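**Student:** predicted model follows, preceded by the sequence.
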Amino acid sequence: MGERFLAGATKKNRFRGENPEPGRRRGVSLSEPRVIASGHLSFSLVVNRTGPGCYGSRAPFFSGPDSRSDHPAGRRILKILAAIADTPSGPDTASVDPPGGPLATLLLIDHSETHRAQLRAAVEPSGLFDEILEAPDGIAGLRAVLDKSVDVVVCRLAVAGLDGAKLLPALQAQPQTAAAPLVFLTSEDDPEWRARMLDAGASDFFTMPVHFGELVSKLRIHLRLKRLQDDLRVKNETLGRLSTVDGLTGLRTRRYVDDVLSVEFLRARRYGNALTILMGDIDHLKKVNDDYGHLAGDAALRGVASVLLHDLRNTDVAGRCGGEEILVVLAQNEISGAKILAERWRSAVEEARFADPAGQAFGVTLSIGVASLEKGMASPEALVGAADAALCRAKESGHNRVELAGPA
């Protein structure tokens, strides 16, 4: 007796078992295998749920003497099994998000109260949106998005107050609707005019009278695309942050600080602005690691970074440049003011107390070298070298000191 296996999922299964949860496809009972006999044929069809809203099926087909494909019963069963196997197993694409997914808001802009009611009645049963806002004209639509983030906008093109052509750039300029798909309802059927509107940022058009079923399907697609774009934007922002921020301290990375320093160096050279940098180093951090453990050393690094970040201006940039070294770029800051700031940082670090994993308190000190842009410095590297030389003098003089670089 031979045995064949078919795997897949079915949207339209001729067998009826338990009713699945609302919104999910109907299929064979999930609790027990079903045994079906027809003529001289028998087989068991086992259907398992493989994910939200979908089922995977495993159907052993036992071939008997009369189970040839030309047998009427055999043809019927093979047809059913083929339908099951041809439908791939996977998530239910009919829904935009599973229950408990992100909230979504739709804005309807239409001067006709009757038409707005019809649109609402068509969209609400789909469950795509948790909130549907209405506006009788373009100006009211703009007011609505000032206080509420909107995911999709459906607007009648010939709307009072501010028509769709003028409303389009206005909505794109608002942070709440800048990324929202803009769907227009219009009686205009000129392809060239529509092309211009699409180039200007319109997402879709529907010729009135609107087929509501098609509109809901398109809204589902636009909402899904927006959520994918939102997710991509968040991941890109996270990636950008991870690539420019040190994960341990929250300071910028060395590469980021070097780029900022290069720009500020050129700006200072061109416009004659002051430019000062600080090169700091935590004293005896290796001894902290040896005495208290590396987790304690990490706590010291985070604590020192927190002290620095607390006093930075928006235009200042501080970055971690290796194990325990910190480079701070102070744009438009004279060396005299930078020295005062460095002394304040040094004193704050000296007074701070940190704790090892066991709760034992300890402290560290900070040595800082300060250098300002001089006429003889031809590159950012020369400025960094001057600050590093001042830092070395601070360490050689007993640590926990601030030293200024001499003239180039």
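**Tutor:** Yep, that arrived.
**Student:** would you map the helices across the chain?
**Tutor:** Secondary structure of the chain (DSSP state H): helices located at 72-86, 113-123, 138-146, 164-172, 191-200, 212-244, 254-271, 285-292, 294-311, 335-351, 380-396.
**Student:** separation between residue 214 and residue 220?
**Tutor:** Separation of residue 214 from residue 220 (CB to CB, to the nearest Å): 11 Å. (Each C-beta comes from the backbone N, C-alpha and C, glycine too.)
**Student:** which one of these two is surrounded by more residues?
**Tutor:** residue 220 (19 against 10; other CB atoms under 10 Å).
**Student:** domain map for this protein?
**Tutor:** 3-86, 105-239, 254-404 (automatic domain parsing).
**Student:** surely residue 298 touches residue 246?
**Tutor:** No - contact criterion CB atoms under 8 Å: residue 298 and residue 246 do not qualify, at 11.5 Å.
**Student:** quick one: which of the two has more around it?
**Tutor:** Using other CB under 10 Å, the more surrounded residue of residue 298 and residue 246 is residue 246, with 19 against 15.
**Student:** residues in contact with that one?
**Tutor:** Shown in contact with residue 246 (CB atoms under 8 Å, 6 or more residues apart in numbering): 252, 253, 319, 320.
**Student:** let me see the confidence value for the third one.
**Tutor:** Looking at residue 319, its pLDDT stands at 96.
**Student:** separation between the closest residue to it other than its chain neighbours and residue 330?
**Tutor:** Nearest non-adjacent residue to residue 319, counting by CB to CB, 6 or more residues apart in numbering: residue 257, 3.3 Å away. Counting by CB to CB, the gap from residue 257 to residue 330 is 12 Å.
**Student:** again, but for residue 308
**Tutor:** 11 Å.
**Student:** between these two, point out the one with more neighbours.
**Tutor:** For residue 308 versus residue 330, neighbours defined as other CB under 10 Å are more numerous around residue 330 (25 against 22).
**Student:** for that one, give the beta-bridge partners.
**Tutor:** residue 276 (DSSP bridges).
**Student:** am I right that it is in contact with residue 273?
**Tutor:** No - counting by CB under 8 Å, residue 330 stays clear of residue 273, with 11.1 Å between them.
**Student:** buried stuff in stretch 393-400?
**Tutor:** Neighbour counts using 16 or more other CB atoms under 10 Å place 394, 400 of stretch 393-400 among the buried residues.
**Student:** out of the helices of the chain, which comes closest to residue 153?
**Tutor:** helix 164-172 (6.2 Å; CB to CB).
**Student:** what's the burial count for residue 250?
**Tutor:** 14.
**Student:** number of nearby residues for the closest residue to it other than its chain neighbours?
**Tutor:** The spatially closest residue to residue 250, leaving aside those adjacent along the chain, is residue 305, at 5.9 Å (CB to CB, 6+ apart). For residue 305, the neighbour count with other CB under 10 Å is 19.
**Student:** so where is the stretch 101-250 of the chain shaky, pLDDT-wise?
**Tutor:** By pLDDT under 70, the weakly predicted segments of the stretch 101-250 of the chain are 101-102, 160-161, 163-164.
**Student:** what about residue 358, distance to residue 294?
**Tutor:** Separation of residue 358 from residue 294 (CB to CB) stands at 14 Å.
**Student:** need the overlap of contacts for the two.
**Tutor:** In terms of CB under 8 Å, 6+ apart, residue 358 and residue 294 are not both contacted by any residue.
**Student:** related to what we said a few turns ago, residues in contact with the residue nearest to residue 250?
**Tutor:** 249, 250, 251, 318, 320, 326.
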